[in-house]
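S.K.: build me a structure from this.
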Amino acid sequence: MSLVSIISAERERYVSYFETVVAGIPANPSRVRELLISINNDALEYPYRYVRVDLVEKREDGSDLISEVWLDPPENMEATGFQLGTVTIKIYPFTWCSTQIAFDRSLPDIAKLEGLLMQWLDTSDASTGPSGVANAIHEVTPIETNGQLWFLTIDFGTAPADVLLDLIDFLANEVLVERIVIASHPR
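M.R.: I've put the predicted structure just below:
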């Protein structure tokens, strides 16, 4: 399998599951899917404050019920590697709703990545498709490091597969990393 086919297959697996879960829940006129909210926490910078909630609805008592649609990484997925020029990409079992991307070089300009993240979060809701799918990432963590690798975790939500491919391209061609690792951990 190619890098594109692995990423596309995982995106389709998750989005199909997401749609099945949403369709299987009894109708509720107060339910909203993929609602973009901003966390009220000054310690978090934008775009890390934004969260696109999978499902939110009003309970009978008026409180909000927020639900996450989670899918563990596929059990039958095997780790695989790719060499793209000077960049080694290792893909371990991962899930589209919680993908950790690790890389071996710090970002010289975090603003470029944050600009891409804001675009992929689609804060203007301009990318929503005809079926109601937001076509946007749902959440991203700030970059952390263990001294050897830098990493962030992204809930790709219903974003197109091209978003992860564009992130790989950015890391390879803008940051000039030599190693990218993609993985998730089951709950």
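S.K.: which parts of this structure are helices?
M.R.: Under the criterion DSSP state H, the chain contains helices at 3-24, 110-121, 161-170.
S.K.: dump those helices into CSV; add distance to residue 44 as well.
M.R.: Quick note: C-beta positions are derived from backbone N, CA and C, even for glycine. CSV is the format used below for these (distance: least, CB to CB, whole Å):
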stretch, distance to residue 44
helix 3-24, 25
helix 110-121, 12
helix 161-170, 20
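S.K.: could you dump those into JSON lines with mean pLDDT, distance to residue 142 and mean neighbour count added?
M.R.: As requested, the helices of the chain are exported to JSON lines (pLDDT from 0 to 100; distance: least, CB to CB, whole Å; neighbours: other CB atoms under 10 Å):
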{"stretch": "helix 3-24", "mean pLDDT": "96", "distance to residue 142": "23", "mean neighbour count": "16"}
{"stretch": "helix 110-121", "mean pLDDT": "96", "distance to residue 142": "9", "mean neighbour count": "17"}
{"stretch": "helix 161-170", "mean pLDDT": "98", "distance to residue 142": "15", "mean neighbour count": "18"}
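S.K.: which stretch among those comes nearest residue 91?
M.R.: helix 3-24 (6.0 Å; CB to CB).
S.K.: convert the C-alpha atoms of the closest one to PDB, please.
M.R.: C-alpha atoms of helix 3-24 as PDB (Å, rounded to 0.1, in the frame of the first residue of the first chain):
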ATOM      1  CA  LEU A   3       1.300   6.300   1.900                       C
ATOM      2  CA  VAL A   4      -1.700   8.000   0.300                       C
ATOM      3  CA  SER A   5      -3.800   4.800   0.300                       C
ATOM      4  CA  ILE A   6      -3.000   4.100   4.000                       C
ATOM      5  CA  ILE A   7      -4.000   7.600   5.100                       C
ATOM      6  CA  SER A   8      -7.000   7.700   2.800                       C
ATOM      7  CA  ALA A   9      -8.200   4.300   4.100                       C
ATOM      8  CA  GLU A  10      -8.000   5.400   7.700                       C
ATOM      9  CA  ARG A  11      -9.800   8.600   7.000                       C
ATOM     10  CA  GLU A  12     -12.600   6.700   5.300                       C
ATOM     11  CA  ARG A  13     -12.800   4.100   8.000                       C
ATOM     12  CA  TYR A  14     -13.200   6.800  10.700                       C
ATOM     13  CA  VAL A  15     -15.600   9.100   8.800                       C
ATOM     14  CA  SER A  16     -17.800   6.100   7.800                       C
ATOM     15  CA  TYR A  17     -17.900   5.100  11.500                       C
ATOM     16  CA  PHE A  18     -18.700   8.700  12.500                       C
ATOM     17  CA  GLU A  19     -21.600   8.800  10.100                       C
ATOM     18  CA  THR A  20     -22.900   5.400  11.200                       C
ATOM     19  CA  VAL A  21     -22.800   6.500  14.900                       C
ATOM     20  CA  VAL A  22     -24.600   9.800  14.100                       C
ATOM     21  CA  ALA A  23     -27.200   8.100  12.000                       C
ATOM     22  CA  GLY A  24     -27.800   5.400  14.700                       C
END
